[in-house]
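K.L.:
With the input below, show me the fold.
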Amino acid sequence: MSKSPLYRATAAAAGKHSRRTAAAARKHSRVSMIAASAATVGALGAVAFAAGAEPWTAALDNVSHTVDNGSQLTASGQNADVFKTITGAVSSKPAAGAQLDTIRSAATDGSTAAPAAKQRPAQQEAVVVAKQQAAKAAAAKAAAAKQQAAKAAAAKAAAAKAAAAKAAAAKAAAAKAAAAKAAAKPAQPYLMYDSVTPSSIPAGKAAAVYSNGSYAASASQTAGHGQVLWIDTNGSNPSANALDVEPGDATPAGAAVWVQQRLSAHPKEVAIVYTMRSQWQAVKDGVANLPTWMQSKVRYWIADPTGVPHVVPGSNATQWYWGANYDITTANPEFTH
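P.N.:
Residues are numbered from 1 along each chain as shown. All right, here's what the predicted structure looks like:
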């Protein structure tokens, strides 16, 4: 369709003034490209809105002329009215303010939302808070796990200690039972060897040697024997374990005196009297005159060399073998205590 002369003239004028506005923006650095574009758009809008009105042509020429000369639009005269009409300004703010608003509107694309740069600190703060909360939760979890492990270790240690105590108690009870059983079991008679030459007595056997007289022995001669019985041959040593009552040695009458001396010096021990079966009764008659508690502590060692192991009834030990190197006696358990 053919367009009217008025439309063609309006379009030509808009193109002319747009080119002038752009040239002015390139020539003068004070006016930015955004302001030039805004002025052009405003001019085009005004022309399109009032197409066919001749005064708008003059107004556009004035705007172009003003921009070409680098001068500022003022708030007085026809140029100012035209500029206000074109730009839609309704306040008394300087043109620079309107241009600044236009620039700001163009920079934000007409949006009133806060810039992304201003939103980032809040987002970063939220991330930091989330990280802190996660770290706090992890620390709490680690502390709880550590506490649980400590409790488990303490419980394990307590269980081990209780088990050890229980085992020790069981062991002590077993040892006590074994000792009680051993004590309840009757002790058996044992063999004892005596000689005028201690070295001839078998090693490790209970031995009886003389503490005085012609065959007195020394402690070194009795080494290697667990039990040693010391014999007094004449009644002069009440510290000895036994008194030898036979012809040539102590007498039956002297036996009671020796028993009294020994038990007076060693009341917790026993007094052993060795004698022949033929003299045993005489010895007992003398001991019968002693206090009862002393009589109870007298032990009789009777010589009855039959060659057969035995214990004469009523005696505590019996010497049943006489040999060239040593004699052998069978002693009951209570013989020395």
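K.L.:
pLDDT weak spots in this protein?
P.N.:
1-119, 181-186 (pLDDT under 70).
K.L.:
can you point me to the longest helix in it?
P.N.:
Counting residues, the longest helix in the chain under DSSP state H turns out to be helix 116-184.
K.L.:
Helices of the chain, residue ranges please.
P.N.:
Across the chain, reading from the start of the chain, the helices by DSSP H fall at 5-27, 33-49, 54-68, 77-87, 95-107, 116-184, 252-265, 280-287, 292-295.
K.L.:
Residue 325 and residue 196 touch, don't they?
P.N.:
No: Residue 325 lies out of contact with residue 196 (Cβ atoms under 8 Å); the separation is 9.3 Å. Every residue, glycine included, has its C-beta placed from N, CA and C.
K.L.:
More neighbours: which of those two?
P.N.:
Neighbour comparison, residue 325 and residue 196: the larger count goes to residue 196, with 15 against 12 (by other Cβ atoms under 10 Å).
K.L.:
Give the closest residue to that one in space, chain neighbours not counted.
P.N.:
In this structure, residue 196 finds its nearest non-sequential neighbour in residue 215, 4.0 Å apart by Cβ to Cβ, 6 or more residues apart in numbering.
K.L.:
okay, now the domains of the protein?
P.N.:
As recorded under automatic domain parsing, the domains making up the chain are 5-107, 190-336.
K.L.:
if I read this right, the residue nearest to residue 196 contacts residue 200, doesn't it?
P.N.:
No: in this structure, residue 215 is not within contact of residue 200 by Cβ under 8 Å, at 12.0 Å.
K.L.:
Tell me the bridge partners for residue 321.
P.N.:
Each beta-bridge partner of residue 321 is listed here: residue 328, as defined by DSSP bridges.
K.L.:
what about it, how many neighbours?
P.N.:
For residue 321, the count of nearby residues is 17 (other Cβ under 10 Å).
K.L.:
Now for it: which residues touch it?
P.N.:
305, 307, 309, 327, 328, 329 (Cβ atoms under 8 Å, 6 or more residues apart in numbering).
K.L.:
got it, and residue 334?
P.N.:
By Cβ under 8 Å, 6+ apart, the residues touching residue 334 are 299, 316.
K.L.:
mind checking how far it is from residue 299?
P.N.:
In this view, residue 334 and residue 299 are 7 Å apart by Cβ to Cβ, to the nearest Å.
K.L.:
what touches both of the two?
P.N.:
Both residue 334 and residue 299 are in contact with residue 316, where contact means Cβ under 8 Å, 6+ apart.
K.L.:
surely residue 287 meets residue 259?
P.N.:
Yes: distance between residue 287 and residue 259: 6.0 Å, which falls inside the contact criterion (Cβ under 8 Å).
K.L.:
what's the overlap in contacts for the two?
P.N.:
When contacts are counted by Cβ under 8 Å, 6+ apart, the set common to residue 287 and residue 259 consists of 273, 294, 298.
K.L.:
Turn the residues you listed into CSV, including distance to residue 242.
P.N.:
Below are those laid out as CSV (distance: Cβ to Cβ, whole Å):
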residue, distance to residue 242
273, 7
294, 16
298, 11
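K.L.:
Top of these by number of neighbours, please.
P.N.:
residue 273 (26 neighbours).
K.L.:
where's that one relative to residue 151, distance?
P.N.:
Taking Cβ to Cβ as the measure, residue 273 and residue 151 are separated by 73 Å.
K.L.:
just checking, residue 226 touches residue 201?
P.N.:
No: assessed by Cβ under 8 Å, residue 226 is found out of contact with residue 201, at 11.9 Å.
K.L.:
Those two: who's more crowded?
P.N.:
Using other Cβ under 10 Å as the criterion, residue 226 and residue 201 rank with residue 201 on top: 24 against 8.
K.L.:
check contacts around that one.
P.N.:
Residues near residue 201 by Cβ under 8 Å, 6+ apart: 193, 194, 195, 207, 225, 326.
K.L.:
hmm, try it at 6 Å
P.N.:
193, 195, 207, 326 (Cβ atoms under 6 Å, 6 or more residues apart in numbering).
K.L.:
Residue 136: which of these is nearest?
P.N.:
For residue 136, the nearest member of those is residue 207. The distance, counting by Cβ to Cβ, is 85.5 Å.
K.L.:
Specify the beta-bridge partners of that closest one.
P.N.:
When bridges are taken as DSSP bridges, the partners of residue 207 come out as residue 193, residue 228.
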